[in-house]
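K.L.:
Can you look at this prediction? I've put the sequence above it.
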Amino acid sequence: MKRRILRYLPVPFLGGLLSSVDLVCGASCPYGLVNDPYPGQCPRFTDMNGDGICDLSQVNGAADYSADDDNPQKPAETDQGDVNASDTANTSEGLVDDGADHLSQHDTDYHVIPISIMITGTYLLTHYLFSRGYLTRSGHRRTWNILLTVGYAGTGFTGMMLIVFIRLGIRTILNPAVTYWHAELAVLMVMATFIHIHLYRKPLLSMFRQVFSS
């Protein structure tokens with residue numbers, strides 16, 4: 001009975017983590033970006049209306065297209081040379097300004113609070129099972145030591161990937177995904193660190209007493 005409970009303990013944690021991924025990918029943009037400016041955060045940048053914003057990341061992009069298709073307007077008869085020249089200049093200036101101001105900004109919704117609550121609830125559950133005798137002390141600590149290791153290793157690995165991408169100017173479809181998982185694993189790392197301190201609070205307090213007493 002105890003082995004079965006221990007085997008299925010990570011299931012709520014993994015299920016909540018996967019549900020957070022579904023929330024990110026549920027938007028029109030597969031990476032959850034909103035109003036992604038030119039040249040875009042991934043190679044799938046699409047700008048059919050020429051406003052300098054990726055159509056996949058626009059909230060009302062689909063509605064604008066349908067309205068334009070249903071109500072086509074005839075262009076006014078003006079001097080095409082002057083109009084084209086002025087439009088080209090304004091568009092290029094707008095794209096440069098938008099790219100400079102918003103290129104480094106990410107509108108991805110990072111689930112800091114939900115993941116923190118989920119990790120805290122899972123720790124309280126394992127602590128309750130440990131206090132009732134369904135989980136051994138070593139098994140309880142080993143579970144959270146593994147999660148702490150996963151948080152540190154994942155944050156470090158994705159951080160190194162981001163450093164390579166930024167330093168070498170690499171822009172691939174993986175950039176938003178790596179940034180997202182770097183932030184989510186960082187939340188796991190921080191929460192698991194606090195839990196680790198709580199698990200080993202007595203040895204830590206003893207160590208600090210010896211250091212300050214000497």
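P.N.:
Yep, that arrived. Numbers count the residues shown, from 1 in each chain.
K.L.:
Run through the residues that contact residue 46.
P.N.:
Contacts for residue 46 were tallied using Cβ atoms under 8 Å, 6 or more residues apart in numbering; they are 54, 55, 56. From N, CA and C alone the C-beta is placed, and that goes for glycine too.
K.L.:
Any of those buried? List them.
P.N.:
54, 55, 56 (16 or more other Cβ atoms under 10 Å).
K.L.:
right, and the last one touches residue 32 too?
P.N.:
The one in question is residue 56. No. At 10.6 Å, residue 56 and residue 32 do not qualify as touching, with contact defined as Cβ atoms under 8 Å.
K.L.:
about what we covered before: would you turn the buried ones among the contacts of residue 46 into CSV with distance to residue 128, pLDDT and secondary structure?
P.N.:
Formatted as CSV, the buried ones among the contacts of residue 46 follow (distance: Cβ to Cβ, whole Å; pLDDT from 0 to 100; DSSP: H, G, I helix; E, B strand; the rest coil):
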residue, distance to residue 128, pLDDT, secondary structure
54, 47, 85, coil
55, 50, 83, helix
56, 45, 80, helix
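K.L.:
Looking at the residues you listed, spot the one nearest residue 124.
P.N.:
residue 56 (40.3 Å; Cβ to Cβ).
K.L.:
What residue, apart from its backbone neighbours, is nearest that closest one spatially?
P.N.:
residue 29 (4.7 Å; Cβ to Cβ, 6 or more residues apart in numbering).
K.L.:
for that neighbour, what are its contacts?
P.N.:
36, 54, 56, 57.
K.L.:
farthest-separated two in the residues you listed?
P.N.:
The widest separation within the contacts of residue 29 (Cβ to Cβ) is 7.8 Å, between 36 and 56.
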